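Student: need coordinates for the following:
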Amino acid sequence: MLNVSLLGGVSISANGAIVKPDLGPAGRLLACYLFEFAGRVHRRERLADLFWEELDPDKARSALNTAIWRIRKILELGSKGAGQHLITLGEDVILEQSHSMAIDTHGLESAARRVLSHSQACPLVDADMKDISAAVEGYGGPFLDGYDGEWVLQERERLHCLFVRSTFELMRVAANQGRYEHALDFGRRILATDPLRESVQRSVMLLLVLNGQRVEAIRAYQRLVTLLKLELNIGPMPETKRLHNDILSDDFFDHVEQHMQNAFGHIPPQLSRLSQ
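Tutor: This is a model prediction of the structure:
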């Protein structure tokens with residue numbers, strides 16, 4: 001089995017052993033590109049221009065052919081015969097999707113599709129939550145961290161948005177079930193990668209109070225104020241200030257239903273009883 005990690009950097013292992021590919025910088029990026037877009041058809045000319053644009057066409061094509069040969073060798077390390085999944089047909093190059101490869105970005109996408117497609121009519125069950133949570137926990141950081149290029153930046157943003165949306169949905173489900181500690185875990189995962197996402201900061205503050213951690217909720221607000229001032233020279237949004245003021249007041253639970261509705265679009269039955 002070939003395990004490919006593209007989140008938070010690049011790492012390839014074959015049957016548990018780390019692979020150090022002899023591909024060079026351009027060949028390494030080509031391998032990442034083929035892994036990320038496995039199953040798609042790529043034109044040789046496009047790949048040569050994308051990764052060896054500084055070379056003349058003949059030399060770029062030769063470098064591409066050499067890199068493809070070396071990537072096939074890497075595929076063979078994971079499973080005998082797996083090199084045949086990297087297909088060249090005339091001017092087309094295709095890395096077929098295969099059970100002999102596990103790519104972390106694909107796992108994240110699969111988990112995100114599952115969590116974002118559920119509904120009240122078809123809710124997530126505990127087995128789904130455990131499985132999907134494991135995929136979310138595998139988010140090691142930005143896609144190809146340390147690299148740039150238009151295609152890298154576009155894919156990085158797309159995958160990060162998927163991570164945030166799916167993790168927030170898991171947070172919302174846990175919060176609506178009254179499992180505040182679990183919901184907080186999901187919120188902290190988002191903020192670890194995107195601390196300036198103020199809507200999630202508010203949700204975490206709310207959950208801290210509901211989890212009996214009112215002082216920590218106040219500290220979270222203070223840290224947010226400092227962060228916003230330092231990074232952007234702005235203050236918190238009015239919604240965040242209102243939540244903070246309610247947390248400081250003695251009648252927080254008079255407003256908790258509205259805050260829960262604003263944050264998660266639902267009011268759990270247990271909160272309705274508390275605010276009555």
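Student: give me the pLDDT value at the spatially closest residue to Met1 that is not a sequence neighbour.
Tutor: In space, and not counting its chain neighbours, Met1 is closest to Gly78: 5.5 Å by CB to CB, 6 or more residues apart in numbering. For every residue, glycine as well, the C-beta is placed using N, CA and C. Per-residue pLDDT puts Gly78 at 89.
Student: try the one 3 residues further on
Tutor: Per-residue confidence at Gly81 stands at 90 (pLDDT).
Student: would you mind measuring from it to Val19?
Tutor: Note on Gly81: its distance to Val19, by CB to CB, to the nearest Å, is 17 Å.
Student: between those two, tell me which one has more neighbours.
Tutor: Counted by other CB atoms under 10 Å, Gly81 and Val19 do not tie: Val19 has more neighbours, with 17 against 9.
Student: so the more buried one sits against Ser13, correct?
Tutor: Yes - shown here, Val19 and Ser13 form a contact pair, counting by CB atoms under 8 Å, at 6.0 Å.
Student: in the strand or helix carrying Val93, what counts as buried?
Tutor: For Val93, the host element (DSSP states H and E) is strand 92-95. For strand 92-95, burial by neighbour count (16 or more other CB atoms under 10 Å) applies to 93-95.
Student: who's in contact with Pro236?
Tutor: 198, 221, 224-225, 228, 244 (CB atoms under 8 Å, 6 or more residues apart in numbering).
Student: select, from these, the two members most distant in space.
Tutor: Among the contacts of Pro236, the pair separated by the greatest distance (CB to CB) is Leu228 and His244, at 12.7 Å.
Student: circling back: report the rounded mean pLDDT for the strand holding Val93.
Tutor: For strand 92-95, mean pLDDT rounds to 97.
Student: which strands and helices sit next to it?
Tutor: helix 24-36, strand 41-43, helix 44-51, strand 86-89 (3 or more CB pairs under 8 Å, 6 or more residues apart in numbering; DSSP states H and E).
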